[in-house]
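K.L.:
next come a sequence and a model predicted from it.
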Amino acid sequence: MRKTLFVLAPVALVAITLVAVLALSFGGIGTANAARSMYRVHHSVPSIFLSRHGRHSTSSNWSGYATTGTTYSDVKGSWVEPSVTCSSGQTAYSSFWVGIDGDTTNTVEQLGTDSDCSSGSPVYYGWWEMYPKGSHNISTSTYPVQPGDSLSAAVSTNGSGLFTLTMTNNTRGWTFTTTQTSRKAKRGSAEWIAEAPSSGGILPLADFGTVNFSNCTANGVAISSNPNPDAITMAANGVTKAVPSSLGSGGESFSVTWKHS
């Protein structure tokens, strides 16, 4: 909020602050952002507390697959937007994305979708992020997302700091593209992830049931054909939150199943 140039009485200040908060939460920003009104959310804080056990790792905020061991210039993947189950009054989040970096590196170039709960109501939308910069929601009026939609996403780079992020909703017939720059990107990993986003700490994981990923490739080949393919289970404080399946036939498909918020 901008600083005021004059002093207000406490009651007036409280009233104006309340109006400003309500305006930011609901005015002119669309239903998708209403779920975000309490938080400044990062969709991807790189692989918090990633614990490696061969090709089966544990993370407190990620579940899915990652690969490391070479320089990545292209990652692609598809998924079906899962339907989220929300309890009364619940606010919780679940993100599904593909990206470059984040596993062993401290940047992430990514885009995907959310299935969230906002005060007990389901909310669905797309977004992109060049972490550590903040995430950007994609307009739901122009680029709507609903449960059951077939989505495909890709992140690619020219190797000189220019990144192209593209997402297509195959069900609704739209394609979103943005071009961004990053001079800090190491291009040290590629990922296909279901995530509990973060804002200061990891946020509650919404019950998304199961999300199915397919056509997952990095540098033009399947996950299983990349070096060091790593299945990541989301778990924290002894609680398993989400679990990936084994890779399917062809090594480029899998699912992630919700277990706990």
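P.N.:
Received it, and whenever you're ready, just let me know what you need.
K.L.:
contacts, neighbours, all on C-alpha from now
P.N.:
OK.
K.L.:
quick one, what contacts the most centrally placed residue in the chain?
P.N.:
When C-alpha atoms, centre = their mean is applied to the chain, the residue found nearest the centroid is S95 (3.8 Å). S95 sits next to H43, G112, T113, D114, S115, I193, A194, E195, A196, P197 when contact means C-alpha atoms under 8 Å, 6 or more residues apart in numbering.
K.L.:
I'd like the next helix or strand past the host helix or strand of N212.
P.N.:
Using DSSP states H and E, N212 sits in strand 210-218. Sequence order places strand 221-222 as the next helix or strand after strand 210-218, per DSSP H and E.
K.L.:
what does that following strand contact?
P.N.:
N215, C216, G250, G251, E252.
K.L.:
neighbours of the third one, how many?
P.N.:
Neighbour count of G250, defined by other C-alpha atoms under 10 Å: 13.
K.L.:
oh, and call the first residue 21 from now on, that's how I've got it
P.N.:
New numbering, starting at 21: the last item is G270.
K.L.:
tell me the pLDDT at it?
P.N.:
G270 carries a pLDDT value of 97.
K.L.:
OK, contacts around it?
P.N.:
G270 neighbours (C-alpha under 8 Å, 6+ apart): A242, S244.
K.L.:
ok, 7 Å please
P.N.:
Not one residue lies near G270 by C-alpha atoms under 7 Å, 6 or more residues apart in numbering.
K.L.:
what bridges to the nearest residue to T177 once chain neighbours are set aside?
P.N.:
With sequence-adjacent residues excluded and distances taken as C-alpha to C-alpha, 6 or more residues apart in numbering, T177 is closest to F183, at 4.4 Å. When assigned by DSSP bridges, F183 has beta-bridge partners T177, Q200.
K.L.:
now swap in C137 and tell me
P.N.:
Beta-bridge partners, per DSSP bridges, of C137: A112, P142.
K.L.:
number of residues surrounding it?
P.N.:
Neighbour tally, C137, other C-alpha under 10 Å: 28.
K.L.:
so it makes contact with G109?
P.N.:
No - between C137 and G109 there is no contact under C-alpha atoms under 7 Å: 8.6 Å.
K.L.:
for P249, give its distance to N232.
P.N.:
18 Å (C-alpha to C-alpha, to the nearest Å).
K.L.:
any idea how far H156 is from the closest residue to T277 other than its chain neighbours?
P.N.:
Among residues not flanking T277 along the chain, T230 sits closest, at 4.3 Å (C-alpha to C-alpha, 6+ apart). T230 is 25 Å from H156, where distance means C-alpha to C-alpha.
K.L.:
what about those two, which has more around it?
P.N.:
T230 (20 against 15).
K.L.:
the more buried one touches S265, doesn't it?
P.N.:
No - in this structure, T230 is not within contact of S265 by C-alpha under 7 Å, at 10.3 Å.
K.L.:
between the two, which contacts overlap?
P.N.:
By C-alpha under 7 Å, 6+ apart, the residues touching both T230 and S265 are S275, V276.
K.L.:
ok, now which ones touch the residue nearest to F228 when sequence neighbours are not counted?
P.N.:
Distance criterion C-alpha to C-alpha, 6+ apart; nearest residue to F228, sequence neighbours excluded, is V104 at 4.4 Å. Listed by C-alpha under 7 Å, 6+ apart, the contact partners of V104 are S135, D136, P142, A226, D227, F228, G229.
K.L.:
rerun at 10 Å
P.N.:
Counting by C-alpha atoms under 10 Å, 6 or more residues apart in numbering, V104 touches 112-114, 134-137, 141-144, 167, 226-230.
K.L.:
cool, thanks, signing off.
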